[in-house]
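Asks: got a predicted structure plus its sequence, pasted below:
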Amino acid sequence: MPAVDDWRAIAAQIASVTGRPFDPAPPRSVGGGCINTALVLSDGEHQWFVKQNTADRLSMFEAEAAGLAEIASTATIRVPNPLCTGVAGGRSYIVMEHLALGGRGGATGAAEAGRRLAALHRTTCDAFGWARDNTIGSTPQRNAPDADWTAFFRDQRLGFQLALAVRNGYGGRLQREGERLLEACPALIDHGPRPALLHGDLWAGNLSYDRHGQPVVFDPAVYYGDREADLAMTELFGGFGAEFYAAYQDAWPLDGGYRARRTLYNLYHILNHLNLFGGGYLSQAEGMIGRLLAELR
């Protein structure tokens, strides 16, 4: 829980940005994931969701706010609207709309989420990447624009994570076979995707439903990439249900070869988990690389 002066400073910033008085009760702590702490500020009429981290993480929250705003601007799938970011009491923070989540989406909600994700992916631009770097979890995520998706994914996704793994002490087989995989990327990515606006970190924990059963996504790591990268991650930790995938396919069928590319795209996230959480993910990463290389023989 932040010190009194800290949350009162955040409340004052909220009042300044909204242009109306905001004198909340003491904050209520809520879950904020494994990276941030979180709280809810409420004056009985208005509620705001606040995430906090160390002061040097302000740029992470600024990028998150920009990503939420970019998704919101498409009017495709709902996100909590960001309000402001800043530093109070030596801790950075982001303030966003508080949404009552945990509603029952069911089969209807899952299908609606699939349709809305397909609509989000139809938002495009001239290059892969984004206007600014951001983070995937707490790991830096480079987004320098590149017209070549294969080069972008090879260098700014897999190559970046493999280099980070070396610095974290994971060399040997991971690096030897990882280098072979980087060289093989043109053979594995051969379908010519166009830049699509991605959520970027779309696992089951970042999709929920409001009290009306409408889908809401949050905690994005946005960039413009191959839409299959978002779909792949939805399958990495449990999946979103058959209705979700059927509705997405009806709205915008996937290209042939997705099943093979799914492993390639999810390798990025497994390498990131290796770098964030340790060696428990090493054998999984090595196994994924081995399967991808075997497909080329």
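Replies: Okay, I see it. Because the structure is a prediction, the values reported are computed rather than measured.

Asks: Arg261: which element?
Replies: Assigned by DSSP states H and E, Arg261 belongs to helix 258-277.

Asks: next helix or strand past that helix?
Replies: Trace forward from helix 258-277 with DSSP H and E and the next one is helix 282-294.

Asks: and that next one, C-alpha only, in PDB?
Replies: Taking C-alpha atoms only, helix 282-294 is exported to PDB below (Å, rounded to 0.1, in the frame of the first residue of the first chain):
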ATOM      1  CA  LEU A 282      15.100 -23.800 -21.200                       C
ATOM      2  CA  SER A 283      14.100 -27.300 -22.300                       C
ATOM      3  CA  GLN A 284      10.800 -26.100 -23.700                       C
ATOM      4  CA  ALA A 285      12.600 -23.400 -25.800                       C
ATOM      5  CA  GLU A 286      15.200 -25.900 -27.000                       C
ATOM      6  CA  GLY A 287      12.500 -28.400 -27.900                       C
ATOM      7  CA  MET A 288      10.600 -25.800 -29.900                       C
ATOM      8  CA  ILE A 289      13.700 -24.800 -31.800                       C
ATOM      9  CA  GLY A 290      14.400 -28.500 -32.500                       C
ATOM     10  CA  ARG A 291      11.000 -29.100 -33.900                       C
ATOM     11  CA  LEU A 292      11.200 -26.000 -36.100                       C
ATOM     12  CA  LEU A 293      14.600 -27.100 -37.500                       C
ATOM     13  CA  ALA A 294      13.300 -30.600 -38.100                       C
END
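
Asks: any idea of the mean pLDDT for it?
Replies: On average, the pLDDT along helix 282-294 is 97.

Asks: next one: stretch 44-63
Replies: Looking at stretch 44-63 alone, the average pLDDT works out to 97.

Asks: try stretch 26-35
Replies: Stretch 26-35 comes out with an average pLDDT of 83.

Asks: please identify the helix or strand for the spatially most central residue of the chain.
Replies: Centre of the chain computed as the mean C-alpha position; nearest residue by C-alpha atoms, centre = their mean is Asp201, 2.5 Å away. With elements delineated by DSSP H and E, Asp201 resides in a region that no helix or strand encompasses.

Asks: phi, psi of it?
Replies: Asp201 adopts backbone torsions of phi -140, psi 50, taken as degrees, to the nearest 10.

Asks: so who does it touch?
Replies: Ile136, Gly137, Asp219, Pro220, Ala221, Met233 (C-beta atoms under 8 Å, 6 or more residues apart in numbering). Bear in mind the C-beta positions are built from the backbone N, C-alpha and C, glycine included.

Asks: same check on Phe244?
Replies: Phe244 makes contact with Ala110, Ala111, Ala113, Gly114, Thr234, according to C-beta under 8 Å, 6+ apart.

Asks: if we go to 6 Å?
Replies: If you count contacts by C-beta atoms under 6 Å, 6 or more residues apart in numbering, Phe244 has them with Ala110, Ala113, Gly114.

Asks: need phi/psi at the nearest residue to the last one once chain neighbours are set aside.
Replies: The spatial neighbour of Gly114 that comes closest, neighbours along the chain excluded (C-beta to C-beta, 6 or more residues apart in numbering), is Ala247 at 3.4 Å. Ala247 adopts backbone torsions of phi -70, psi -40, taken as degrees, to the nearest 10.

Asks: per-residue confidence for Ala247?
Replies: The pLDDT attached to Ala247 in the predicted structure is 98.
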